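Trainee: Please find the sequence and the predicted model below.
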2 protein chains.
Amino acid sequence: MNEEDYIARYKKRNFDAPLVTVDAVLFTYHENTLKTLLVKRSAYPEKGKWALPGGFVSESEDDGLEATLIRKLKEKTGVIPPYVEQLYTFGGPSRDRRGWSITVAYTALIAHQSCEISIDTVSDVNWLPFSKVCQLPLAFDHLDIVNRAHERLVQKALYSIVPAYVLPETFTLPELQHVHEVIIGKPLQKKSFRRRIEQANLLVDTGEKRAEKGRPAALYRMREDSAAYNFIRNLEL
Amino acid sequence: MNEEDYIARYKKRNFDAPLVTVDAVLFTYHENTLKTLLVKRSAYPEKGKWALPGGFVSESEDDGLEATLIRKLKEKTGVIPPYVEQLYTFGGPSRDRRGWSITVAYTALIAHQSCEISIDTVSDVNWLPFSKVCQLPLAFDHLDIVNRAHERLVQKALYSIVPAYVLPETFTLPELQHVHEVIIGKPLQKKSFRRRIEQANLLVDTGEKRAEKGRPAALYRMREDSAAYNFIRNLEL
DNA sequence: GAAACTAAGTATCATTAAGACACTTAGTTT
DNA sequence: AAACTAAGTGTCTTAATGATACTTAGTTTC
């Protein structure tokens, strides 16, 4: 048998393949809180429970796993998040009643304002504070996924400025520091935080300022590729 | 329709699900070199090319993705590696001619001596130096996988002693340092390397020594959970 | 319009961990 | 016994964060 024959025959076989889905833990920052996007399940299984946005891979529509994810997120939020990163793949016979299943989980970050409008109009899609999410009875093993995503986000906050993606394009340093503090769950040293960002030249001063009560804060924008930069040393836990 | 009916009906449907495999980049250290285990493909597609050890998830045999991996590795090497970690999941319509496919890739580490005997008896399973592997025409997208596994291993070598798992249970500090140097591709400061390991108390002195030419080196053993320890600062690249 | 207030941003010293490199030590070989 | 080799240590320098007090730029209050 040559290769062509083999492939042709293979494709006709009825395989006992696991179900494959892709899920996202989409974080944002709103009202001084870290929030996660959840969707209320309208169908079995786990009907009525909160779940992560996601869905089945479509062989015809999707050019890759990340494409599936982006398609699904666009359905729910109307926009494509500026930061998407693969997190971990969960698989096993009992995580979904429909059978042996796999989900490729992603972490994504987005500014709250970017998708505020589309979310508000759909009642079964909601931003929930991360602290509440952990106490909710989420569908499937989605709680494990959320927790792992958060762990990883904490690490990122200690050695990168990736968390900046939960903010709008321009933001102040105090805002960014607060985002990191909310993620890590501890206050940070203002000077240490700013020093390393300045040294690595990760932000551009837009020249504009924003004032609320005290001295106005300078507005910055992320430089190209700043998200890829890792400090050689972590901040203290 | 209630949930039971839904599930029952669901299971009978013939889904257009992607093929799901699991692959391992298994590293070891032998003859002062970092090596990777490869298998010569005996079947279509990509027949005759070198590929990563791995295979299809078995719904009946496997209790999870890692279980699939371990089953496959045991088939090839006869043993279960002491270090296994999920790396990344690759998926898309064109990486395998048989159709839309996914592979969940793992990194695994093992001492060369542990599986020497079983490997030697099978001619289509072979340890190849990492430097050579990169120039070989590997099957599927396995070269991408190998490269990503190596990148991650380099990082681990900079902030952990995970690479110790390519050595036998007891080893000397000069050996461990050399492993790190081979992985990173640069010499390291002896003092810096030792100081941090000592401070974090990651190794236990077995009391025994091993001599080759000069002063005999002390033999150490990894402490429980030492692989989970991350230094807060990276060594220089 | 000046003083008080508030939060942004800076200066500076202490601390910690790595880099560099010379030195000592414990065995083996000649 | 001297020379040799590689393991292991001492110590000073360098680099980055921690801690804390201070200055600055606007707003609010009287």
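Mentor: On my side now, so go ahead. Numbers count the residues shown, from 1 in each chain, chains lettered A, B, ... in the order given.

Trainee: so who does A:Pro163 touch?
Mentor: Shown in contact with A:Pro163 (C-beta atoms under 8 Å, 6 or more residues apart in numbering or on different chains): A:Leu109, A:Leu153, A:Lys156, A:Ala157, A:Leu176, A:Val179, A:His180, A:Ile183. To be clear about C-beta, it is placed using only N, CA and C from the backbone, and glycine gets the same treatment.

Trainee: That one: what secondary structure?
Mentor: Using DSSP: H, G, I helix; E, B strand; the rest coil, the three-state assignment for A:Pro163 comes out as helix.

Trainee: how near is it to A:Ile183?
Mentor: Per C-beta to C-beta, to the nearest Å, A:Pro163 is found 6 Å from A:Ile183.

Trainee: what's the overlap in contacts for the two?
Mentor: Residues touching both A:Pro163 and A:Ile183 by C-beta under 8 Å, 6+ apart: A:Leu153, A:Ala157.

Trainee: A:Gly99 belongs to a helix, doesn't it?
Mentor: No. Note on A:Gly99: no helix contains this position according to three-state DSSP, which reports coil.

Trainee: Now find how far off-centre the top helix by length along chain A is within its chain.
Mentor: Using DSSP state H to assign secondary structure, the helix with the most residues in chain A is helix A:142-159. Relative to the centre of its chain, helix A:142-159 is centred 9 Å away, using C-alpha atoms, centre = their mean, to the nearest Å.

Trainee: does the residue positioned nearest the centre of chain A sit in a helix or strand, and which one?
Mentor: Against the mean C-alpha coordinate of chain A, by C-alpha atoms, centre = their mean, the closest residue is A:Ala108 at 2.2 Å. Following DSSP states H and E, the helix or strand that holds A:Ala108 is strand A:101-109.

Trainee: Strand partners (parallel or antiparallel) of that strand?
Mentor: Applying DSSP bridges to the sheet, strand A:101-109 is found paired with strand A:19-30 (parallel), strand A:83-92 (antiparallel).

Trainee: and the longest one, does that touch DNA strand C?
Mentor: It stands for strand A:19-30. No. Where contact is defined by C-beta under 7 Å from any atom of the strand, no part of strand A:19-30 touches DNA strand C; the two come within 14.9 Å at best.

Trainee: Let me know the average pLDDT across that strand.
Mentor: On average, the pLDDT along strand A:19-30 is 97.

Trainee: again, but for the last one
Mentor: Averaged across strand A:83-92, pLDDT comes to 98.

Trainee: Buried ones in it, by neighbour count?
Mentor: Going by neighbour count (16 or more other C-beta atoms under 10 Å in any protein chain shown), the buried part of strand A:83-92 is A:Tyr83, A:Val84, A:Gln86, A:Leu87, A:Tyr88, A:Thr89, A:Phe90, A:Gly91, A:Gly92.

Trainee: circling back to that earlier point, output the contacts of A:Pro163 in CSV, with neighbour count and pLDDT appended to each entry.
Mentor: Formatted as CSV, the contacts of A:Pro163 follow (neighbours: other C-beta atoms under 10 Å in any protein chain shown; pLDDT from 0 to 100):
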residue, neighbour count, pLDDT
A:Leu109, 24, 98
A:Leu153, 23, 98
A:Lys156, 20, 98
A:Ala157, 21, 98
A:Leu176, 22, 98
A:Val179, 23, 98
A:His180, 23, 98
A:Ile183, 22, 98
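
Trainee: and which of those is nearest B:Phe171?
Mentor: For the contacts of A:Pro163, the closest approach to B:Phe171 (C-beta to C-beta) belongs to A:Lys156, at 32.7 Å.

Trainee: returning to that earlier point: next, see if the helix or strand just after the longest helix of chain A gets close to DNA strand C.
Mentor: Following helix A:142-159 in sequence order, the next helix or strand is strand A:170-172 (DSSP H and E). Yes. Strand A:170-172 lies within reach of DNA strand C by C-beta under 7 Å from any atom of the strand, at A:Thr172.

Trainee: Which other helices and strands does strand A:170-172 contact?
Mentor: In terms of contacts (3 or more C-beta pairs under 8 Å, 6 or more residues apart in numbering or on different chains; DSSP states H and E), strand A:170-172 is packed against strand A:203-210, strand A:217-222.

Trainee: let's see 7 Å
Mentor: For strand A:170-172, the helices and strands in contact under the criterion 3 or more C-beta pairs under 7 Å, 6 or more residues apart in numbering or on different chains; DSSP states H and E are strand A:217-222.

Trainee: is DNA strand C contacted by the strand it packs on?
Mentor: Yes. Contact of strand A:217-222 with DNA strand C (C-beta under 7 Å from any atom of the strand) involves A:Ala217, A:Ala218.
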